[in-house]
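Peer 1: predicted model and sequence below, questions to follow.
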Amino acid sequence: NIKMSNTNSSFSSSRGGGRLMFEDENFDPIAYINNMFPDEASLENLDGEIGKLRGEIDRLNKDVRDAIHNHMILNANFTEEIRQANASTVEILADVQSIKEKAEASEQLVAEMCKDIRSLDIAKKNLTFSITALKKYVMLSTAVEKLRDACLFRRYREVAHLIEAIDGLGAFFKSYEKVAQIAELYREKETILGHLRAQLLEDFTLFARENKALTPAQMVDGAYLVETLGFNFQQELISALAKTFLTEYEKIFTSVENATFEQVERRFPWLFRNLKEFSATYDNVLPHYWGVKVYLVYQFCVRTQAHVTKLFDDRTNAGQLDVGLLMKIVQTTQKFETKIVEDLTKEFGQFFGQKDTQPLKDPKEEAKAARRRQFEIQKLPPLRGIISCVFEPHMRPYVEKEDAELSEAVIAALRNDEVEEELRVLSSSILIFNAIRGVTKRAASFSKTQTMYDIFGICRRYLRRYHTELDGRVESLHRTKPANLEQQVSHIVNTCEYVKETLGALEESVKSSLEPPFDERVNLGDEEDLFSGLIAKGIDVLTNTIDQKTDVAFSSVNKINWDRFESLGENKYVKEIKVVLAASVKAVHSVMSELCFMLYVNKLALTLNNKFLAALFRNNRKLPTIAFQQLNVDFVEMKNDFANVLRGVDAKNGKSYADSSFKLLAKAENTMKLLNLDHQSFVENFNKYLDEPTPADIDKLLTLRGLKRTDVPQLFARK
């Protein structure tokens, strides 16, 4: 019973999910049978199981037959439905073809309608343009007729508006200018404008003659019309006014009696007087921003320049011209140029540089401002120097006159030369510089170019001449050696320093008075070098004098018998040197400037240093130790005496003078310290005491110590 139960259970499971199991592609019948009948005992129910399987097969067959039957029924239904669908498709295709044919017919109809519409639109446009063109042609023709009448009756404001209207219509007819009717109207317009321009020029010219037929209001409208006609015609009108304005000027100042240098000064009052009359007539007529007066002044200057040039070309007039008259004319001309530039700048400066202003918010106001900016004066023409430049090539008589006067001033200054006690310089230097300043100041008032530069060249020449004079005096003093040599040379040195310091200010003054490129050529560097060299030369003369005065004293060093010298003490030659130094330094300090005295002290210290070493090396033999000790004492005493002298003559700066001189006495001092060392220290400290000694210096020192090169090869090895 138990086995049967298991079998039934197994089969039941096959029924519940059996079909699925039998339909599985991986179904294994052998595994199934082994699972159903695992042993012989299970075979007892074999027939029953087979029956159940056959029953299952029958049920499956029935299901298959039912499925086939149902499929056949469905197939028949599907076939009918497909047939019906095919019939519907045919009908739909027929409908689509019909719709397509109707659409093509509609499209053709629409295309024909659009073509007709375009034709109608073009016709409308052509008709509209024809009507507009005809209207504008009538307007243009009418405007030209009105323009003729308005010009005839001098209704200038109306003329301006008509011209603006015609110009506006001109943009429309730009492409049709070759059409006969249009071309004829434009020719007529240009003819009218040609007569109008001539009429305006005549009216503005006659208005100055107080023509009663022309009112100020008409002329104001005329000025507005001039702007409408454009910038070129405005300039033509201003030129015509200038020509009329200067007609009388040409007549007066080209006549024989007035075409002279004596009458040049009369020209400028004539201009100011007639400008005043012109302003009274035209200021309320012509726009102020045109700057007509500027152009009148410029043309006046151009013609005056030509007149003066012609006067110079006349050799007779040029030959008869007095230097005083020439300078008076130049000065008057320059004053006129300065004044006229100042006056015009004050009157018209408000208009200069106005083209870059910000646009106005109101379009109408901006249009007016833009129109005005086209005609505003932007800057002054080059008026300064426009006439006076003519005199530059003819200023040689003036330059020669200044040269002669400066020469006389220099000669007089040198002839009466004396010491200016307060500055401790020669009075000639002050007088000469005063004369030079006067010359350059006068020249600067006449010229900023070639003439001024020529005057500068003259000043340089006399400065060099003054240097030559002072140099000759120094040479003479050096030769003659007067009792007051120190004072005289010191005054010359101070004078050179004064000149050197003053040259810088003179150079800057001349540069500021010149225009490029002449200012770049001004340089007194060479002259400064000349006077600096003369300062050095004067100091050399003073130190050379001391050199000569101390020759005997320093020579006595070589006459001392050092072998019999027993004890240290004060040598006579040191006292003699002190006396010479004290007298000379005191005399020089009483006169010489502080800076130059420092140069003198340094030069004197260097001279003493070299003199002492020269006296030492002239022994040219081995000296005993006591000699070195005594010489060191002598040198220290001389050095201290020199410092005491410097402190004595100048309590304030004496210490700084002494400190400066000690640096220049260092070589002699170090030499004496070195010679007083023992042999080993002498060799070891040689380069410490002497900075880069030459082989000759080494040989001299070795001789004084009684040594040879072979005794101290290390000294030369280091070298």
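Peer 2: Looks like it came in fine.

Peer 1: which stretches of the stretch 351-500 of the chain have low pLDDT?
Peer 2: Along the stretch 351-500 of the chain, segments meeting pLDDT under 70 span 354-362.

Peer 1: which other residues reach the helix or strand that contains Val574?
Peer 2: Using DSSP states H and E, Val574 falls within helix 572-589. Residues outside helix 572-589 that contact it (C-beta atoms under 8 Å, 6 or more residues apart in numbering) are 484, 486-487, 490, 542, 545-546, 549-550, 552-554, 556-557, 597, 600-601, 604, 608, 634, 637-638, 641-642, 645-646, 648-650. No exception for glycine: its C-beta is placed from N, CA and C like everyone else's.

Peer 1: from those, keep the buried residues only.
Peer 2: By neighbour count, with 16 or more other C-beta atoms under 10 Å, those hold 486-487, 490, 542, 545-546, 549-550, 553-554, 557, 597, 600-601, 604, 608, 634, 637-638, 641-642, 645-646, 649-650 as buried.

Peer 1: tell me which other helices or strands the helix or strand encompassing Phe456 touches.
Peer 2: Taking DSSP H and E as the criterion, Phe456 maps to helix 450-480. Using 3 or more C-beta pairs under 8 Å, 6 or more residues apart in numbering; DSSP states H and E, the elements in contact with helix 450-480 are helix 396-415, helix 427-446, helix 485-512, helix 525-549.

Peer 1: tell me where the stretch 51-200 of the chain has helices.
Peer 2: Along the stretch 51-200 of the chain, counting by DSSP state H, counting those that start in this stretch, helices occupy 156-172, 180-207.

Peer 1: export those helices to TSV and tack on distance to Lys251, mean pLDDT and mean neighbour count?
Peer 2: Listed next are the helices of the stretch 51-200 of the chain as TSV, based on distance: least, C-beta to C-beta, whole Å; pLDDT from 0 to 100; neighbours: other C-beta atoms under 10 Å:
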stretch	distance to Lys251	mean pLDDT	mean neighbour count
helix 156-172	32	89	17
helix 180-207	16	91	16
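
Peer 1: let me have those helices in a markdown table, extended by distance to Trp562.
Peer 2: Below are the helices of the stretch 51-200 of the chain laid out as a markdown table (distance: least, C-beta to C-beta, whole Å):
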| stretch | distance to Trp562 |
| --- | --- |
| helix 156-172 | 119 |
| helix 180-207 | 114 |
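
Peer 1: lowest-pLDDT helix or strand in this protein?
Peer 2: Lowest mean confidence among the helices and strands of the chain (mean pLDDT, DSSP states H and E): helix 2-16, at a mean of 40.

Peer 1: now stretch 141-150: buried residues?
Peer 2: By 16+ other C-beta under 10 Å, the buried positions in stretch 141-150 come out as 143-144, 146-148, 150.

Peer 1: neighbouring contacts of that stretch?
Peer 2: Around stretch 141-150, the neighbours that count as contacts under C-beta under 8 Å, 6+ apart are 156, 158-159, 162-163, 165-166, 169, 185, 188-189, 192.

Peer 1: let's see that with 7 Å instead.
Peer 2: Stretch 141-150 is contacted from outside by 158-159, 162, 165-166, 185, 188-189, 192, using C-beta atoms under 7 Å, 6 or more residues apart in numbering.

Peer 1: relative to Ala587, how far out is the closest residue to Met327 other than its chain neighbours?
Peer 2: Spatial nearest neighbour of Met327, chain neighbours left out: Tyr398 (5.8 Å); criterion: C-beta to C-beta, 6 or more residues apart in numbering. Distance from Tyr398 to Ala587, counting by C-beta to C-beta, to the nearest Å: 47 Å.

Peer 1: likewise for Lys700?
Peer 2: Distance, Lys700 to Ala587, by C-beta to C-beta: 35 Å.

Peer 1: tell me where the stretch 201-350 of the chain is predicted with low confidence.
Peer 2: In the predicted model, the stretch 201-350 of the chain carries pLDDT under 70 at residues 210-212, 315-320.

Peer 1: what are the ranges of the helices in it?
Peer 2: Taking DSSP H, counting those that start in this stretch, the helices of the stretch 201-350 of the chain run over residues 216-229, 231-245, 247-253, 264-282, 292-313, 315-320, 323-348.

Peer 1: for the longest one, packing partners?
Peer 2: In terms of contact count using 3 or more C-beta pairs under 7 Å, 6 or more residues apart in numbering; DSSP states H and E, helix 323-348 is assigned the packing partners helix 264-282, helix 292-313, helix 396-415, helix 427-446.

Peer 1: can you redo those as JSON lines with mean neighbour count and distance to Phe612?
Peer 2: Formatted as JSON lines, these follow (neighbours: other C-beta atoms under 10 Å; distance: least, C-beta to C-beta, whole Å):
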{"stretch": "helix 264-282", "mean neighbour count": "15", "distance to Phe612": "76"}
{"stretch": "helix 292-313", "mean neighbour count": "18", "distance to Phe612": "72"}
{"stretch": "helix 396-415", "mean neighbour count": "16", "distance to Phe612": "41"}
{"stretch": "helix 427-446", "mean neighbour count": "19", "distance to Phe612": "38"}
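
Peer 1: mind putting the ones you listed in TSV, distance to Val580 included?
Peer 2: TSV is the format used below for the helices and strands packed on helix 323-348 (distance: least, C-beta to C-beta, whole Å):
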stretch	distance to Val580
helix 264-282	70
helix 292-313	68
helix 396-415	33
helix 427-446	30
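
Peer 1: quick check on Val179: phi, psi?
Peer 2: phi -60, psi 130 (degrees, to the nearest 10).

Peer 1: what is the neighbour count of it?
Peer 2: By other C-beta atoms under 10 Å, 13 other residues sit near Val179.

Peer 1: assign the residue most central in space within the chain to helix, strand or coil.
Peer 2: Centroid-nearest residue in the chain, with C-alpha atoms, centre = their mean: Pro516, separated by 16.1 Å. Three-state call for Pro516 (DSSP: H, G, I helix; E, B strand; the rest coil): coil.
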